[in-house]
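Enquirer: Got a predicted model here, sequence first, then my questions.
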Amino acid sequence: MLELRHLRTLVTLREADSLVEASERLHLTQSALSHQLKDLEQRLGTPLFLRKTRPVQFTSAGLRLLRLADNVLPQIRQAERDLQRLAGGQAGRLHMAIECHSCFQWLMPTIDQFRNVWPEVEVDFASGHFFAPLPALARGELDLVITSDPQDISGLTYVPLFTYEAVLAISNQHPLGSRSFVEPGDLAGETLICYPVERDRLDIFSRFLDPAGIEPAAVRNAELTIMMMQLVASGRGVCCLPNWAITEYLQRGYVSARRLGRDGLFGTLYAAVREDMLEMPYMQDFLLTAKDISFATLEGVSARSPAQG
């Protein structure tokens, strides 16, 4: 009557904002997911959640199954890992580079959990901002690169981790706070605070300002997200960051944020991996862990691109 896939479906539904988002994460059509849930409810003879609620509200029966899932699924996952290690492939190397200043919020818990499960895999990482990490990955000097800027390089494959919206952080007193979204021309008189990376690797330039032929009044670099937020809060400039990177600052009322363009500016974060490494058990587990932790801890991320809904 009750299968593991049902428990996984309910957990995904809890983490997602809607049936649409849950279906994307599960790689199912919305119709197939609705049918699976309706079939389960018919088997059990009781509804599991309230329709047309966002986020999804579960019934008492649904909450009971979620408690079961929280107990059982981690044990299943650990057993699968143990079997993979028994089957071989438990030792190896995972050297990675990160082309994302704000990724440590979810990457560090991912690495910590991975090290506990795969203690014999050598883990090391470096910032990808001071060299070209993707060519280094292709040469075998690295094993994984976190990037939002995939390049067509032979032998590399890009595994999407999640989609996010890039927003403009402004001070609470900024005149743009009266607008629902920002146009490129609005930044012509602004100081734009950026991470110290090449201009063509920053979406605010390559996908927003440059196509419109707009230059900010000045560009200022800052190494850390918290430094950028302090500068923005004090009215020293504005900055573009992923929505999940500034959630805590928005919740505390430290800064405000506005959409870039009427339809928003969206990007996808990828894990770049060599094709010959993709099927290694520990690589598959790292990618799955990264996705699980991202969806569990980051607000505003999605498994689907804006074009999909």
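Expert: Good, I have the coordinates.
Enquirer: okay, CA-based contacts and neighbour counts for the rest of this
Expert: Fine.
Enquirer: Would you point out which residue is most central in this protein?
Expert: By CA atoms, centre = their mean, the chain has its centre lying nearest to residue 162, at 3.9 Å.
Enquirer: can you pull the contacts of the nearest residue to it once chain neighbours are set aside?
Expert: Leaving aside its chain neighbours, residue 162 sits nearest to residue 303 (5.1 Å; criterion: CA to CA, 6 or more residues apart in numbering). Taking CA atoms under 8 Å, 6 or more residues apart in numbering as the criterion, residue 303 is in contact with 21, 24, 25, 161, 162, 163.
Enquirer: and the residue nearest to the centre of the chain, how far is that from residue 148?
Expert: Plainly put, residue 162 is 10 Å away from residue 148 if you go by CA to CA, to the nearest Å.
Enquirer: and if you look at residue 230?
Expert: Residue 230 sits 25 Å away from residue 148 when distances are taken as CA to CA.
Enquirer: do the same with residue 98
Expert: In this view, residue 98 and residue 148 are 10 Å apart by CA to CA.
Enquirer: Common neighbours of residue 162 and residue 148, please.
Expert: Shared contacts of residue 162 and residue 148 (CA under 8 Å, 6+ apart): 268, 269, 270.
Enquirer: Around the last one, count how many other residues there are.
Expert: Counted by other CA atoms under 10 Å, the residues lying close to residue 270 total 21.
Enquirer: so what does the helix or strand containing it touch, helix or strand wise?
Expert: Here residue 270, judged by DSSP states H and E, is contained in strand 265-274. Counting contacts by 3 or more CA pairs under 8 Å, 6 or more residues apart in numbering; DSSP states H and E, strand 265-274 is packed against helix 133-138, strand 144-147, strand 156-170.
Enquirer: what's that strand in contact with?
Expert: The contact list for strand 265-274, computed with CA under 8 Å, 6+ apart, reads 134, 137-138, 143-150, 155-167, 208, 259, 287, 305-306.
Enquirer: by how many degrees do that strand and strand 156-170 diverge?
Expert: Counting by axes from the mean of the first three to the mean of the last three CA atoms, to 10 degrees, strand 265-274 lies at 150 degrees to strand 156-170.
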